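>>> please work out how this folds:
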Amino acid sequence: MARTNAAQTRVKPDKSELLTLHVVRRRRLSPSFARVTLGGPDLARFTQMGWDQWFRLFLPVAEGTLARLPNRLDTFAYMRYLAIAKTERPVLRNYSVAGYRADGESGPELDVDFVLHGSTADGTAGPAATWAERCDPGDAVAILDEGVLFALPEDRPGPVSLVGDETALPALAGILASLPPDATGSAFVEVPDAADVRALEAPAGVEVRWVVRPDPHATPGYAVLTAAIDAGASSVPPASAWVAGEQSLAAAMRRHWVRIGVDKRAISFTGYWRAPRSH
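Below you'll find the predicted structure:
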């Protein structure tokens, strides 16, 4: 993850250990998203925390390469991970819990949603997106639970504001589903294609607004940033705020909230990734 105030807002799981899981199924959700469902005996040791719960996902690059991973990922373990030759080092990415069911068809199930950038056919897609489109049932991965970065404080009543691009959609959806029934506020989420819009579970008092990027190839974040700021011009500033996605979106939305009087301690912001800068 890029710039964030996670150190101040993060709630760690009681126990985090390397879990080896297997693909149960995969399906295309929409033009820009694929969902891979994971399961296996190890998932019984996973604790669902809700909100924007996230984990580190390790994808094998060859048979048996997951066996070299450390059981935890502190600084020294991460250095050992980086010391593994690239031809044998599992791909590491951070993902949010897109769904969890303790009573799946064959036991607990964990959904992971992948944003499909680029093309698998011509090699422009990233390694995670490529894996998500090509994995088969039974394929192994490993995860390390990292907890949550946002949870609505009980001592901070008032509206909540959520903003994210497509990479933040699973986390934003998790927060919406975890809000109390009487929560109020708004959620803005940007997607590249109108067909990516989907129904989200949310309290009746929280308005969900979808922002379809006018140019699907433009840098994500600007459209939703503009929409959220414009909509908030005539609204009461949020009591709690969360933004995630492209780094510039997270930074700009945080600056705006601070400028209109939102307490810095009430803002959770995370840059999941950084768009290439034009020269």
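
>>> can you show me the helices along the stretch 51-200 of the chain?
With helices called from DSSP state H, counting those that start in this stretch, the stretch 51-200 of the chain shows them at 75-83, 127-134, 169-178.

>>> so residue 184 touches residue 206, yeah?
Yes - Residue 184 is within contact range of residue 206, at 6.4 Å (criterion: Cβ atoms under 8 Å). Just so you know, the C-beta spots here come from the backbone N, C-alpha and C atoms, and that holds for glycine as well.

>>> any chance of the helices of the stretch 51-200 of the chain in TSV, with mean neighbour count and distance to residue 194 too?
Shown next, in TSV, are those (neighbours: other Cβ atoms under 10 Å; distance: least, Cβ to Cβ, whole Å):
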stretch	mean neighbour count	distance to residue 194
helix 75-83	11	40
helix 127-134	18	21
helix 169-178	24	14
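
>>> want to throw those into TSV with mean pLDDT?
As requested, those are exported to TSV (pLDDT from 0 to 100):
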stretch	mean pLDDT
helix 75-83	89
helix 127-134	94
helix 169-178	98
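
>>> who does the nearest residue to residue 132 once chain neighbours are set aside form a beta bridge with?
In space, not counting the residues next to it along the chain, residue 132 is nearest to residue 114; the distance is 3.8 Å by Cβ to Cβ, 6 or more residues apart in numbering. Counting by DSSP bridges, residue 114 is bridged to residue 34.

>>> just checking, residue 114 touches residue 128?
Yes - with contact defined as Cβ under 8 Å, residue 114 counts as touching residue 128 (6.0 Å).

>>> tell me the buried residues in the lengthiest strand in the chain?
Longest strand in the chain, counting residues (DSSP state E): strand 19-30. Neighbour counts over strand 19-30 (16 or more other Cβ atoms under 10 Å) mark 19-24, 26, 29-30 as buried.

>>> now stretch 138-152
Applying 16+ other Cβ under 10 Å to stretch 138-152 flags 139-152 as buried.

>>> which of those residues lies closest to residue 197?
Looking at the buried residues of stretch 138-152 and their distance to residue 197, the nearest is residue 150, at 23.0 Å (Cβ to Cβ).

>>> hey, what's the nearest residue to that closest one once chain neighbours are set aside bridged with?
Spatially, and ignoring its direct neighbours in sequence, residue 150 is nearest to residue 268 (4.2 Å; Cβ to Cβ, 6+ apart). Here residue 268 shows beta-bridge partners residue 242, assigned using DSSP bridges.
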